[in-house]
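>>> Dropping a prediction and its sequence here:
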Amino acid sequence: MTNTEEAERSDITFKIIVVGEVGVGKTSLVRRITRDVFNSVYKPTIGVDFCITDVLYQGKVLLELQLWDIGGQERFGNMTKLFYRDAAAAFVVCDSTRPQTLSAAIKWKNDIDDKAELSPGRLLPCFLLYNKCDSDELIHSDEELAMFCSENGFIGCYKTSAVTRMGVEDLELGIVTYLMNMPQPEPEVLEPEVDLISLSTTQCYKRKSSSCCGSACEQPRRLKTYGQEL
């Protein structure tokens with residue numbers, strides 16, 4: 001990359017919340033997306049943890065994706081509104097081998113709709129992740145999942161597996177493309193006598209120095225490249 005190209009790059013951070021019932025594989029999926037590792041030892045997330053992955057989009061825009069892994073029991077607590085704050089999108093994860101977790105995905109979607117928004121009147125975009133698809137027996141067909149998403153307000157569905165990496169690259173490309181093409185709300189217009197300048201685009205902000213938290217992020221961060229270079 002030339003110096004001119006380097007100068008044209010901009011740094012943007014997107015926060016993505018990852019929710020779902022206990023044991024659906026949220027943490028394993030976050031580890032696979034951000035570090036390309038898998039650990040068969042299951043340890044439930046208590047509270048919230050987050051990991052970061054870097055993406056170079058179209059050869060010019062450097063993105064930092066923060067994946068906030070929210071414990072499955074948190075839907076019954078009073079902290080989710082705080083965890084959802086400033087998010088740009090949500091991954092609602094269910095377990096393909098446990099049909100009740102798909103029903104629970106509706107409750108998570110409703111919780112997000114009640115407590116998070118991009119701007120007044122704009123719901124947070126939610127993607128359904130139909131996880132553990134390395135199983136030999138998938139309970140729901142593609143048509144059933146598409147209908148489920150349409151009826152419950154999900155942007156779309158990705159069939160994934162943290163074990164085999166199935167669907168992970170498609171998910172990464174899909175979310176990056178969606179976020180980069182998502183209409184941004186207009187900045188808030190304030191009266192001339194007010195000195196404070198406030199922008200409503202809090203879900204997309206300049207990158208600050210940060211680090212991953214928790215054992216899920218012990219591996220070095222990797223730079224991925226998506227989109228055709230312009």
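Okay, I see it.

>>> From now on I want contacts and neighbour counts done on CA atoms only, so please keep to that.
Will do.

>>> mind listing what's buried in the longest helix anywhere in the chain?
When the chain is parsed with DSSP state H, its longest helix is helix 99-115. Neighbour counts over helix 99-115 (16 or more other C-alpha atoms under 10 Å) mark 101-102, 104-106, 108-109, 111-113 as buried.

>>> can you count the residues close to residue 148?
18 (other C-alpha atoms under 10 Å).

>>> brain fart, residue 166
Neighbours of residue 166 (other C-alpha under 10 Å): 17.

>>> Would you mind giving the secondary structure of it?
With DSSP: H, G, I helix; E, B strand; the rest coil as the basis, residue 166 sits in coil.

>>> measure it to residue 33 for me?
11 Å (C-alpha to C-alpha, to the nearest Å).

>>> same thing with residue 183?
The gap separating residue 183 from residue 33 is 25 Å, by C-alpha to C-alpha.

>>> Who has more neighbours out of these two?
residue 33 (21 against 8).

>>> The more buried one is in contact with residue 168, isn't it?
Yes: between residue 33 and residue 168 there is a contact under C-alpha atoms under 8 Å: 6.5 Å.

>>> Could you give the number of residues near residue 80?
20.

>>> now residue 59
Neighbour tally, residue 59, other C-alpha under 10 Å: 18.

>>> Okay, and it sits in which element?
Following DSSP states H and E, one finds residue 59 outside all helices and strands.

>>> Name the SS class of residue 175, please.
Going by three-state DSSP: residue 175 is helix.

>>> any idea which helix or strand of this protein has the worst average confidence?
In the chain, the helix or strand scored least confidently by mean pLDDT, DSSP states H and E is strand 204-206, which has a mean of 35.
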